[in-house]
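Colleague: predicted model and sequence follow; I will ask about them next.
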Amino acid sequence: MKEKILELRKSGHTYNEIVKQIGCAKSSVSYHCSDKVKQKYKDYRNKNRKKSIKDLKSQFGGKCFVCGYDRCLTSLSFHHKNPKIKLGSVGRLIYDKGKRAAILEAKKCILVCANCHGEIHEGIIHI
């Protein structure tokens, strides 16, 4: 569809004409034709994703499972208790498959701060 939209736009068709010809939404046409619109959409999507991740961290306790650190949600991450059943990182799943998939994956994890997470992976802390 992208190629068809760009081809029609290059040949001088208006957004409305393209919408009628292809049968897609006007937002789809503007997304493919305008770098500014595309960047605005990406910025919005990233902002939304970051908010969803912070909300999810709060929902799952908002503090480190090991040491209780709770000053900065950005410093907390989800650590899979059993990496063999890991579908993907919680943050990536929010981005790719939505909040519901991320919640299901987060249930397989513990929330830990950056320091404790590193020590878990080094074998200093055993969960």
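Modeller: Alright, I've got the coordinates.

Colleague: spatially central residue in this structure, please.
Modeller: Tyr95 (2.5 Å; C-alpha atoms, centre = their mean).

Colleague: hang on, that residue in a helix?
Modeller: Yes. Assessed with DSSP: H, G, I helix; E, B strand; the rest coil, Tyr95 lies in a helix.

Colleague: show me what contacts the closest residue in space to it that isn't next to it in sequence?
Modeller: Distances taken as C-beta to C-beta, 6 or more residues apart in numbering place Arg49 nearest to Tyr95, at 5.3 Å, with adjacent residues excluded. Where you see a C-beta, it was placed from the backbone N, CA and C, and this is true even at glycine. Counting by C-beta atoms under 8 Å, 6 or more residues apart in numbering, Arg49 makes contact with Gly91, Ile94, Tyr95.

Colleague: so which of those residues is the closest to Val29?
Modeller: Comparing the contacts of Arg49 against Val29 with C-beta to C-beta picks out Tyr95 as the nearest, at 24.4 Å.

Colleague: hey, where'd the strands end up in this structure?
Modeller: Along the chain, the stretches classed as strands by DSSP state E are 76-80, 109-113.
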